[in-house]
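>>> build me a structure from this.
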Amino acid sequence: MMSFQLSDEQTAIQNTVRRFAQEKLLPTYQEREHQHGLDRTLVKEIGDMGMIGIDIPEEYGGLNLDCVTNGLVTEQLCRGDFSVGGVTIVGGLIGGILRDHASEAIKEEWLPGLVSGETLFSIALTEPHAGSDAVNLRLSAKKDGDDYILNGEKTSITAADTADVSIVFVRTGGEGAKGVTAIIVPMDLPGITRGHFNDLGGKHIGRGWINFDGVRVPQSNVIGEEGKGFHVVMHGFDYSRILIGMQCLSAAWQSVDETWKYVSEREAFGRPIAKFQGVSFPLAEAETKLEAARLLCYKGLWLRDQGLPHTKEAAMCKWWPPLIAFEIVHQCILLHGHGGYGDEYPHQQRLRDLLGLQIGDGTAQIQKMVIAREVAGRVTVSHAD
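Presented below is the predicted three-dimensional model:
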């Protein structure tokens, strides 16, 4: 059954989060770019609202709601602040990994802090030599009694030097995906050093590097089974990729709304410039593209809620929405004239924030490979039948 109507509960949540984002996040979005690390007070407020990890079971502090509702929350928060709103994506990705694969002891120790916003998480997969080659890991975890000893480096990690704890993907043996293990690592352990990059955008949440030099971690911190870590993260990425798509669309939609207001008030040749097709048509096209991409994202979330395959849709959400969102915000800047090129308006910050997600968490090229593999695989099976 296909329905585009939200439930009363979803509508209430959407309205509550929209008010919070527009009143609390949006007015100071540009100010926070100069702060290093997420504003813990704001993250805690979002956690107090129950909006982080809302699909986590109630016994761990969550609301046990569906993925579509998490999409609604992400959408509204990211209209207010691209980076702060991303805490719902971390909650969805890491919360899901812990819920579905971690031991009961790990769930009880870490999930409540994630949901409340008191504990900041990162996920450490990428390494300097590998980039998109996610299975080609060198960070080693050697057994020593009841512990692992970790040696190696991770890079391009979101919140690398501000997170309290990280899910780290290490090589415990073998080659390729079969030797990858996921392990939860508190970031205050001896032997860990870390730092951040001076990126073009995404400054408030930040990306950076983590170095592990003889870091001792209990084997009981393994998430799932040894050597099965790659499956753990890939299933989680199918969720976060969709939410990232929504994050990007939300920033663009906020810029479009602000631009409609600007062009309706700005006059040239004796009338509002919104009356000119050269101004209004690009915005009409933006509305169309944003609506189409948004529906794609919600389809992916709905498929996940139904327990149906959604890897292809997730990859689509990760490469196309970030691209069109960037292009749309670029157009909004142009429609503001020279003023849009300055820092008086937030469009330039959104443009820089958006660009980072055409790179991080899987490039467009990688996503297209995933889509092609999913489709070609089904075609091959069909022909074999």
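>>> residue 329 against residue 352, yeah?
No: using CB atoms under 8 Å, residue 329 makes no contact with residue 352, being 9.6 Å away. (C-beta placed from N, C-alpha, C; glycine too.)
>>> more crowded one of these two?
Between residue 329 and residue 352, counted using other CB atoms under 10 Å, residue 329 has the larger neighbour count: 29 against 18.
>>> roughly how far does the more buried one sit from residue 264?
19 Å (CB to CB, to the nearest Å).
>>> same check on residue 169?
Distance, residue 169 to residue 264, using CB to CB: 49 Å.
>>> one more: residue 221?
For residue 221 relative to residue 264 (CB to CB), the value is 56 Å.
>>> next, the buried residues of stretch 18-28.
Within stretch 18-28, the residues that count as buried by 16 or more other CB atoms under 10 Å are 18, 20-21, 24-26.
>>> er, stretch 298-313 actually
Within stretch 298-313, the residues that count as buried by 16+ other CB under 10 Å are 298-305, 310-313.
>>> of these, closest to residue 100?
residue 304 (12.0 Å; CB to CB).
>>> what about that closest one, which helix or strand?
Secondary-structure assignment from DSSP states H and E places residue 304 in helix 277-305.
>>> counting contacts, what elements does that helix pack onto?
Under the contact criterion of 3 or more CB pairs under 8 Å, 6 or more residues apart in numbering; DSSP states H and E, helix 277-305 touches helix 67-80, helix 229-265, helix 311-335.
>>> tell me which other helices or strands the last one touches.
Contacts of helix 311-335 with other secondary structure elements, assessed using 3+ CB pairs under 8 Å, 6+ apart, are made with helix 229-265, helix 277-305, helix 347-356, helix 364-384.
>>> could I get the ones you listed as a markdown table with mean pLDDT?
Listed next are the helices and strands packed on helix 311-335 as a markdown table, based on pLDDT from 0 to 100:
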| stretch | mean pLDDT |
| --- | --- |
| helix 229-265 | 94 |
| helix 277-305 | 97 |
| helix 347-356 | 96 |
| helix 364-384 | 79 |
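>>> residues contacting residue 167?
Residues in contact with residue 167 (CB atoms under 8 Å, 6 or more residues apart in numbering) are 94, 97, 121-124, 182-185, 223, 233.
>>> same check, this time on residue 173
179, 227.
>>> for it, which three-state class applies?
The assignment at residue 173 comes out as coil when based on DSSP: H, G, I helix; E, B strand; the rest coil.
>>> and the pLDDT at it?
Model confidence at residue 173, given as pLDDT, is 85.
>>> name the helices or strands packed onto the helix or strand harbouring residue 20?
Assigned by DSSP H and E, residue 20 falls within helix 8-20. Counting contacts by 3+ CB pairs under 8 Å, 6+ apart, helix 8-20 is packed against helix 67-80.
>>> buried set for the helix it packs on?
Quick answer for helix 67-80 (16+ other CB under 10 Å): 67-80.
>>> and the helix or strand following that helix, what's buried?
Note on helix 67-80: by DSSP H and E, the next helix or strand toward the C-terminus is helix 87-101. Going by neighbour count (16+ other CB under 10 Å), the buried part of helix 87-101 is 87-99, 101.
>>> can you count the residues close to residue 296?
A count of nearby residues for residue 296, using other CB under 10 Å, gives 18.
>>> I'd say it and residue 316 touch.
Yes: using CB under 8 Å, residue 296 makes contact with residue 316 at a distance of 6.0 Å.
>>> between those two, which contacts overlap?
Joint contacts of residue 296 and residue 316 (CB under 8 Å, 6+ apart) do not exist.
>>> now do residue 319 against residue 298, distance only.
Residue 319 is 17 Å from residue 298, by CB to CB.
>>> and if you look at residue 327?
For residue 327, the distance to residue 298 (CB to CB) stands at 21 Å.
>>> ditto for residue 162
Here residue 162 is placed at a distance of 31 Å from residue 298 (CB to CB).
>>> now residue 374
19 Å.
>>> ok, now residue 175?
Using CB to CB, one gets 39 Å for the distance from residue 175 to residue 298.
>>> swap in residue 79?
16 Å.
>>> and for residue 69?
Counting by CB to CB - residue 69 and residue 298 are separated by 11 Å.
>>> contacting residues around residue 43?
52, 84, 87, 117, 120.
>>> doesn't it fall inside a strand?
No: counting by three-state DSSP, residue 43 is not part of a strand but helix.
>>> I'd like the helices and strands packed on helix 311-335 laid out as CSV, including distance to residue 105.
Conversion of the helices and strands packed on helix 311-335 to CSV gives the following (distance: least, CB to CB, whole Å):
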stretch, distance to residue 105
helix 229-265, 17
helix 277-305, 27
helix 347-356, 35
helix 364-384, 34
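>>> how is the chain divided into domains?
8-119, 123-227, 230-384 (automatic domain parsing).
>>> what is the rounded mean pLDDT of stretch 54-74?
Mean pLDDT, stretch 54-74: 96.
>>> how about the CA coordinates for that stretch, as CSV?
Taking Å, rounded to 0.1, in the frame of the first residue of the first chain, the C-alpha atoms of stretch 54-74 are listed here in CSV:
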residue,chain,number,x,y,z
ILE,A,54,14.7,7.5,17.9
ASP,A,55,14.6,4.0,16.4
ILE,A,56,16.5,2.6,19.4
PRO,A,57,14.4,0.5,21.8
GLU,A,58,12.9,2.2,24.8
GLU,A,59,15.0,0.1,27.3
TYR,A,60,18.1,2.0,26.0
GLY,A,61,16.4,5.4,26.1
GLY,A,62,15.1,5.5,22.5
LEU,A,63,11.5,5.9,21.2
ASN,A,64,11.5,2.7,19.1
LEU,A,65,10.1,4.7,16.2
ASP,A,66,10.6,4.0,12.4
CYS,A,67,13.3,5.2,10.0
VAL,A,68,10.9,7.4,8.1
THR,A,69,10.3,9.4,11.3
ASN,A,70,14.1,9.7,11.8
GLY,A,71,14.2,11.1,8.2
LEU,A,72,11.6,13.8,9.2
VAL,A,73,13.7,14.8,12.2
THR,A,74,16.9,14.9,10.2
